[in-house]
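Peer 1: This is a predicted model, with the sequence first.
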Amino acid sequence: MPSASLPLVFLAPVLVSAIRYGFWAGLLAAVLAFIGYNFLFVEPRHTLSVARPEDALALGIFLLVAAVTGVLAGRMREEADAARNRAAVLEILSDFSADLSAATRVEAIEALIERHLSRAAAGQVLVLRPDGPAPDGGRLRVVGGAEVAPPLSEADLLAADRALRYGRPQAATAAGWSGSRMTFLPLWGGDRIVAVYGADFGEAGSAEREQAAEAMLRQAELAIERMAFAREAEDARAAAEQERIRSALLSSISHDLRTPLATILGSVTSLREFGDAMPSAARSDLLLAIEEETERLSRFVANLLAMTRLEAGLDIKREWVDAVDVAVAAVKRARRSFPSAIILLETEPAATAVNADAVLLEQALFNLIDNAVKFSPADRPVRVSVSAGGEKIEFGVLDEGCGIPKKDLDQIFEKFFRGDRVRVAGGGLGLAICRGAVTALEGTILAESPVIDDHGTRIRVILPAGPEPKL
Amino acid sequence: MIDRPLVLVVDDEPQIQRFLRHSLLAAGYEVEQAETGQDALRLIEEHGPALIVLDLGLPDIDGKLVIGAVRERRETPIIVLSARERETEKIAALDIGANDYVEKPFGIRELLARIRVCLRARGAGEAPVERIAVGELSIDLRTRRVTVAGATIKLTPKEFDLLALLASHPGRVMTHRQILAKIWGPAHVEDTPYLRVFIGQLRAKIETDAAAPRLILTEPGVGYRMMEDD
C-alpha cells in the first residue's frame, strides 16, 4: 500500500482540469486518475485488476471523491463564467442605452444596434431588410454583414423569414427551434418592421445574450417611437408657425392693400359723385390722398416682389457698387415718399465699394428709413450713415422714437412681427426683407435700442467691403 | 338752413377718415370723427349722432363691443365697415345690432345709399304701414294680399311672413339668424338651408326671373336684402 498522500496527488489534476475546463473535463480527469492510480499503485501493479478487497474499497472511494471534486469545481467554474457573461451583457446593454440617448436619427440607432449587437454576439451581425411592405410583399435582403458571416443555411433563412412574418424574435435556443444557427430579431419602427438582425450567439451563455439582444431592440424601438413623436411635435409646431405666417400674410395683405384701395376708390367715387359741388380744397385733398395711397400701394407691391424674389432665391445680381451711391438713392426716394420727414445722410469720405445687388440693397435701406420715419417724432431727424472700416461697410439708420423692448430686438426682423408699441400702419414685411436681402448679400443686420438715453433705435447693416475692382 | 344730421365716423385709418369727411360734408351731413372705440363711445354720449359708421378693426377695443355698448341705451343706426372675407365678423356685428354693412373697398355712392336707408327707416318708425310697394310688387299687410304688376300671387302663410319681414326693411340687410328667429322662432336660428328653400319658392312666385332676382337680393354668407324702391 503506497503512502496515504499518494491518492491526493492524483486528485490535483482532477481539480485543476475541472476548474479550468469545466464539469465534463473534471469527470474525465477523475476517470483517468482512477485508472492511472489503479494501474500504477494497486496490487497487482501494471494491471487494471484489483487483488485485495480493501484496495477495491479504497479505489471506489477515490473515484467518488474525484468525481465529486470534479463536479463541484466544474460547477463553480461554470457559475463564474455565467457571472462574467452576465456582467459583459449588462455592460453592453448599459453602453447601448447610453449611446441610444444621444442618437437623434433612426439611421444612427440602427448603426448602434449593429455595433452593440455584434459585441453581444461576439461576431459579425447580419442586417436584413424587407424590400416590400410586410406581411405580404416583404422579402428579406441581406444588406450588411454578409461579407464576414458564413452563407445562410435553409434553416437560417426560414427563421429570418419567420421573424419578419410574425414580428417576433426567433431565438436559436428556443423551444421548437427551427434548426437555425442564428437568432433573428425584428426591429419595429412605428407600425412596420424596418430591419431584421441575425446574430450567432454561440453556445456559452447564449440565452442571456439573446435576452439582452431582445432588450436592446425593444429599447431601440422605444427610442424610434420617441423620435417619431418628437418629429410629429416638431411638424405640428412648424405647421402652426406656417399658419401664423399665412394668417399674418392675409391680414397684412388685407390691411396694406385694402386700405389704400379703399381710400383710392372712395376718393375717386367721391370726386365723381360730387364734382364741383365739393369745395376745391376738398377736391385737391382727395386727389392728394389718391396720389399718396397709390404710392403706398406701389411700395407694398415692391416689397412683396422683393420678398418673393428673396424667397425664391433667384435673380440676385452681385456687383461692385458704391455704398454711398446706394444710400443716396434710398434717401432720395425716402424724402420723396415722406416729404415731411427730416432725413439726414452722413457719409465718411472714404466709404468704398460694396459687393451687392444695388436694387435689393437700396430697397433694404429704403425699408429701414421707412421704418425709422414711422417711429420717429415728426420734429426729430432720421439719421442715415455710411462708414467703412477694415473689410466692412456699415450702414446705419437711427431714429429718436420710443425704441424697441429688449425682448423684441431679435424678432423685429421676423416676417409680420409687430411690436406691442406699434400703432402705425405697415405690414411687417419691410424689416424681414431687409434681413433677407442682407443675408443674401452675406452681411449681418442688427438692431440696437435704446441708443439715446432711454429711447431711439439704430439698425446696423454690415456688409463685406472689397477693393475697388481693377479696370 | 335745414338741420344737418350728424354722422360719426369711427376708423383708425386717417386716409379713410379723410375721404369720408370730404364726401359726407359734401352730401350734407355734419361729420364727427373718432379713431378709437373709447373716443367713439365718449363722442356718442356727448353729441348723440344721428348715425354711426364704424370700422370693426379698431386699435383699442373690438368694434362689436362698441355696437353692444351703444345698443344698451340707443337705437342710433350703425353701419359697419368690414372686409369681404370676414363674414363671421359681419354677421356677428349685424346680429348684435348693427343695421347694415359695407365692404371695403367701397364706392361712396354705396355708403351714402346705406346711410340714407338707415336714416329714413328711423324717421318712418312711428306710423305702422299697411301697404308696402317695391317696384311692381305690392304687399297689403292687413289683408295679406300680394300682387305683382296687378296680378294676385298665392303665397303660403310662411312665405307671406318672410316676404313681409324683408319688405318692411327695404334696402336693409337681414341676417339668416334674424330672419329665422322672427319667422320660425329662436329654436330655428341655425336652419339656414330651410330658409334657402323658402327664399327659392318665394322668388319663383314673385320674381320675373328667379335665377336673376331683382327684388330679394342675396348677401352671400350673410343674409338677404329687399330691393330698395327709390
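Peer 2: Nice, thanks for sending it over. Numbering: from 1, shown residues only, chains lettered A, B, ... in the order given.

Peer 1: How about the residues of chain B by chain A?
Peer 2: With C-beta under 8 Å from any C-beta of the partner chain as the criterion, chain B comes near chain A at residues B:13, B:15-16, B:18-20, B:22-23, B:25-27, B:59, B:83, B:85, B:104-109, B:112. C-beta here means a position set from N, CA and C on the backbone, and glycine is covered the same way.

Peer 1: so how far is the helix or strand that contains A:Arg165 off the chain centroid?
Peer 2: A:Arg165 is part of helix A:154-166, with elements assigned from DSSP states H and E. Averaging C-alpha coordinates over helix A:154-166 and over its chain gives two centres that are 34 Å apart (C-alpha atoms, centre = their mean, to the nearest Å).

Peer 1: so what's residue 152 up against?
Peer 2: In the absence of a named chain, this looks at chain A. Contacts for A:Leu152 (C-beta atoms under 8 Å, 6 or more residues apart in numbering or on different chains) come out as A:126, A:142, A:160, A:182, A:198.

Peer 1: Chain B, not that one
Peer 2: Taking C-beta under 8 Å, 6+ apart, we find B:Thr152 in contact with B:145-146.

Peer 1: list the contacts for residue 169?
Peer 2: No chain in the question, so chain A it is. So, once contact is read as C-beta under 8 Å, 6+ apart, A:Pro169 ends up touching A:163, A:183-186, A:210, A:213-214, A:217.

Peer 1: Chain B is the one I meant
Peer 2: Applying C-beta under 8 Å, 6+ apart to B:His169 gives the contacts B:121, B:226.

Peer 1: A strand includes it, no?
Peer 2: No: secondary structure of B:His169 (DSSP: H, G, I helix; E, B strand; the rest coil): coil, not part of a strand.

Peer 1: mind listing the strands in chain B by residue range?
Peer 2: Using DSSP state E, the strands found in chain B span residues B:6-10, B:30-34, B:51-55, B:78-83, B:100-104, B:131-134, B:137-140, B:145-148, B:151-153, B:173-175, B:216-219, B:223-226.

Peer 1: What helices and strands are in contact with the last one?
Peer 2: Helices and strands touching strand B:223-226, as assessed by 3 or more C-beta pairs under 8 Å, 6 or more residues apart in numbering or on different chains; DSSP states H and E, comprise helix B:157-167, strand B:173-175, helix B:176-184, strand B:216-219.

Peer 1: partner strands of that strand, parallel or antiparallel?
Peer 2: For strand B:223-226, the pairing partners within the sheet under DSSP bridges are strand B:173-175 (antiparallel), strand B:216-219 (antiparallel).

Peer 1: quick one: which of those strands is nearest A:Ile224?
Peer 2: Across the strands paired with strand B:223-226, A:Ile224 has its closest neighbour in strand B:173-175 (53.3 Å, C-beta to C-beta).

Peer 1: A:Val354 and A:Leu361 touch, don't they?
Peer 2: Yes: with contact defined as C-beta atoms under 8 Å, A:Val354 counts as touching A:Leu361 (7.5 Å).

Peer 1: Name the residues contacting each of those two.
Peer 2: Each of A:321, A:326, A:463 lies in contact with both A:Val354 and A:Leu361 under the rule C-beta under 8 Å, 6+ apart.

Peer 1: Show the contacting residues for B:Ala210.
Peer 2: Remark: with contacts taken as C-beta under 8 Å, 6+ apart, B:Ala210 is in contact with B:200, B:203-204.

Peer 1: could you dump those residues to TSV with pLDDT?
Peer 2: Formatted as TSV, the entries for the contacts of B:Ala210 read as follows, by pLDDT from 0 to 100:
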residue	pLDDT
B:Gly200	91
B:Arg203	92
B:Ala204	91
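
Peer 1: what distance separates the helix or strand hosting A:Lys332 from the centre of its chain?
Peer 2: In this structure, A:Lys332 sits in helix A:323-337 according to DSSP H and E. Using C-alpha atoms, centre = their mean, the distance from the centre of helix A:323-337 to the centre of the chain it belongs to is 44 Å.

Peer 1: pLDDT of stretch A:195-215, averaged?
Peer 2: The average pLDDT within stretch A:195-215 is 80.

Peer 1: least reliable of the strands of chain B going by mean pLDDT?
Peer 2: Mean pLDDT per stretch puts strand B:131-134 lowest among the strands of chain B, at a mean of 84.

Peer 1: For it, name the packing helices and strands.
Peer 2: Taking 3+ C-beta pairs under 8 Å, 6+ apart as contact, the helices and strands that strand B:131-134 lies on are strand B:137-140, helix B:157-167.

Peer 1: can I get the ones you listed in JSON lines with mean neighbour count?
Peer 2: Listed next are the helices and strands packed on strand B:131-134 as JSON lines, based on neighbours: other C-beta atoms under 10 Å in any protein chain shown:
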{"stretch": "strand B:137-140", "mean neighbour count": "19"}
{"stretch": "helix B:157-167", "mean neighbour count": "19"}
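
Peer 1: Tabulate these (JSON lines), appending distance to A:Val14.
Peer 2: Formatted as JSON lines, the helices and strands packed on strand B:131-134 follow (distance: least, C-beta to C-beta, whole Å):
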{"stretch": "strand B:137-140", "distance to A:Val14": "123"}
{"stretch": "helix B:157-167", "distance to A:Val14": "112"}
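
Peer 1: Just the mean pLDDT for stretch A:143-156, thanks.
Peer 2: In this model, stretch A:143-156 has an average pLDDT of 71.

Peer 1: what's the span of it, first residue to last?
Peer 2: 16 Å (C-alpha to C-alpha, to the nearest Å).

Peer 1: Run through the stretch 201-350 of chain A and note the low-pLDDT ranges.
Peer 2: Under the criterion of pLDDT under 70, the regions of the stretch 201-350 of chain A flagged as low confidence span A:203-205, A:248-249, A:251-252, A:313-315, A:350.

Peer 1: So which residues on it come close to chain B?
Peer 2: The interface of the stretch 201-350 of chain A toward chain B, taken as C-beta under 8 Å from any C-beta, is made up of A:250, A:254, A:258-267, A:269-270, A:273-274, A:277-278, A:282, A:285-286, A:289, A:292-293.

Peer 1: What is the nearest of the shared contacts of A:Val354 and A:Leu361 to chain B?
Peer 2: When the shared contacts of A:Val354 and A:Leu361 are compared for distance to chain B, the smallest value, 30.6 Å, is given by A:Val326; criterion: C-beta to the nearest C-beta.

Peer 1: Pull the contacting residues for the closest one.
Peer 2: Listed by C-beta under 8 Å, 6+ apart, the contact set of A:Val326 reads A:354, A:356, A:358, A:361-362, A:365.

Peer 1: now with 7 Å?
Peer 2: With contact set as C-beta atoms under 7 Å, 6 or more residues apart in numbering or on different chains, A:Val326 has these partners: A:358, A:361-362, A:365.

Peer 1: for B:Ala149, same thing?
Peer 2: Contact analysis of B:Ala149 by C-beta under 7 Å, 6+ apart lists B:Glu136.

Peer 1: Then B:Leu166?
Peer 2: Neighbour list for B:Leu166: B:174, B:216, B:224, B:226 [criterion: C-beta under 7 Å, 6+ apart].

Peer 1: likewise A:Thr69?
Peer 2: Contacts of A:Thr69 were listed using C-beta under 7 Å, 6+ apart, and they are A:11, A:14-15, A:18.

Peer 1: So which of those are in helices?
Peer 2: When helices are assigned by DSSP state H, the members of the contacts of A:Thr69 inside them are A:11, A:14-15, A:18.

Peer 1: Out of those residues, which end up buried?
Peer 2: Neighbour-count burial (16 or more other C-beta atoms under 10 Å in any protein chain shown) is assigned, among the ones in helices among the contacts of A:Thr69, to A:11, A:14-15, A:18.
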